[in-house]
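*Asks:* This is a predicted model, with the sequence first.
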Amino acid sequence: MITVRVPAKVNVQLGVGGLRADGFHDLANVFFAVGLADEVTATPGDGVTLTCTGPDAVSVPLDGSNLAARAARLLAEHHGLADPGVHLHIAKAIPVAGGMAGGSADGAAALVACDALWGLDTPFEVLLELAAELGSDVPFALLGGVALGRGRGEILEALPVSGTFHWVFAVADGGLSTPAVFRECDRLREEDGTGSSLADVPTPDPDPALLAALATGDPVALAAALANDLQAAAVSLRPSLADTLHAGTEAGALAALVSGSGPTCAFLAKDADAARAIAVALTASGTCRTAHATYGPVPGATIGTPTP
Ligand code: C5P
């Protein structure tokens, strides 16, 4: 039996460039791994089967479309295993369709878990390539820490970071579809009438002030530099997110932003005590289903012992 713990992410900068011919957008995507984590446990099985527990378990598809199942099959195919056998159990804490790359995390964890269960010893570079085939956010869940993602987000460069940052995540009822949020971003840009085609939108560069704030471990400077080009689109599709963002700021957050494509909202706190107080205030505000205080950066998908 192999258990892999895998973190959620928040994008501290999500710069969205032009619409590519393949339907993806070029990004300047600064990923940050946080302590909200799923655990994927692989045991020997017949074919590839899945179970899931956790507050959102009913929303998790347990068929072959699940990224964990796809990861197991892709790894087996890569190694020419004709009849892969594994049962994957997902203990889910990351919000489903929440903008925190929970499905991608499970895909990354399944790669690591099946690699160990089947004794394949796949080089990390190859796991990263397989991860990129599964989805734009999957390679980062293997890497963890803080990293710049270029291309559609899958070309990674680890970034220097000092200390620990304290975060609160406000979980919404129900998810948002990532493709729908990117489409809304494009629609809002067209409505803005810049005159240029969506393909011509320049890809932003990583913000030097943001990189310096990460490198020096300065939460006030990081708060001032947080940026998400998908935020307007997520709020346009789910206007109530504006109330959640406002409630966290009122409760003393240094900054508030939508996490990735949402609807989870992220709040940076000055320390662990402030994070706990903001989580309590957000939960009481009625503007979200629940709120979690956590921290980061944390490592990527790692083999360990299951949390009891
Ligand atoms: O790569 P992944 O499967 O996670 O992407 C889901 C969807 O999000 C894509 O099909 C696309 O609509 C959108 N996307 C995008 N540009 C990116 C990453 C994702 O438009 N860089």
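*Replies:* Sure thing, it's come through.
*Asks:* interface residues of this structure facing the ligand?
*Replies:* Neighbours of the ligand within the chain, by CB under 6 Å from any ligand atom: 23, 24, 25, 27, 135, 136, 137, 152, 153, 178, 179, 182. Backbone N, C-alpha and C define where each C-beta goes, glycine included.
*Asks:* Now do the lowest-mean-pLDDT helix or strand in the chain: everything it contacts.
*Replies:* Within the chain, no helix or strand scores below helix 178-192, which has a mean of 94 by mean pLDDT, DSSP states H and E. Residues outside helix 178-192 that contact it (CB atoms under 8 Å, 6 or more residues apart in numbering) are 16, 19, 25, 97, 99, 198, 201, 229-230, 232-234, 236-237, 260-262.
*Asks:* Mark which of those residues are buried, thanks.
*Replies:* By neighbour count, with 16 or more other CB atoms under 10 Å, the contacts of helix 178-192 hold 16, 19, 25, 97, 99, 198, 201, 229-230, 233-234, 237, 260-262 as buried.
*Asks:* helices or strands up against whichever strand or helix holds residue 214?
*Replies:* For residue 214, the element it lies in under DSSP states H and E is helix 208-216. Contact here means 3 or more CB pairs under 8 Å, 6 or more residues apart in numbering; DSSP states H and E; on that basis helix 208-216 packs against strand 2-19, strand 25-43, helix 219-225.
*Asks:* any chance of these in JSON lines, plus mean pLDDT?
*Replies:* What follows is the helices and strands packed on helix 208-216, written out as JSON lines (pLDDT from 0 to 100):
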{"stretch": "strand 2-19", "mean pLDDT": "97"}
{"stretch": "strand 25-43", "mean pLDDT": "98"}
{"stretch": "helix 219-225", "mean pLDDT": "98"}
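*Asks:* Specify the stretch among the ones you listed that is closest to residue 213.
*Replies:* Nearest of those to residue 213, taken as CB to CB: helix 219-225 at 3.6 Å.
*Asks:* buried set for the closest one?
*Replies:* Across helix 219-225, burial judged by 16+ other CB under 10 Å covers 219, 222, 223, 225.
*Asks:* show me the contacts for the second one.
*Replies:* Contacts for residue 222 (CB under 8 Å, 6+ apart) come out as 12, 165, 210, 213, 214, 254, 255, 268.
*Asks:* go again using 7 Å as the cut-off
*Replies:* Residue 222 makes contact with 12, 165, 210, 213, 214, 268, according to CB atoms under 7 Å, 6 or more residues apart in numbering.
*Asks:* What of the third one?
*Replies:* If a contact means CB under 7 Å, 6+ apart, then residue 223 has 254, 255, 268 as its contacts.
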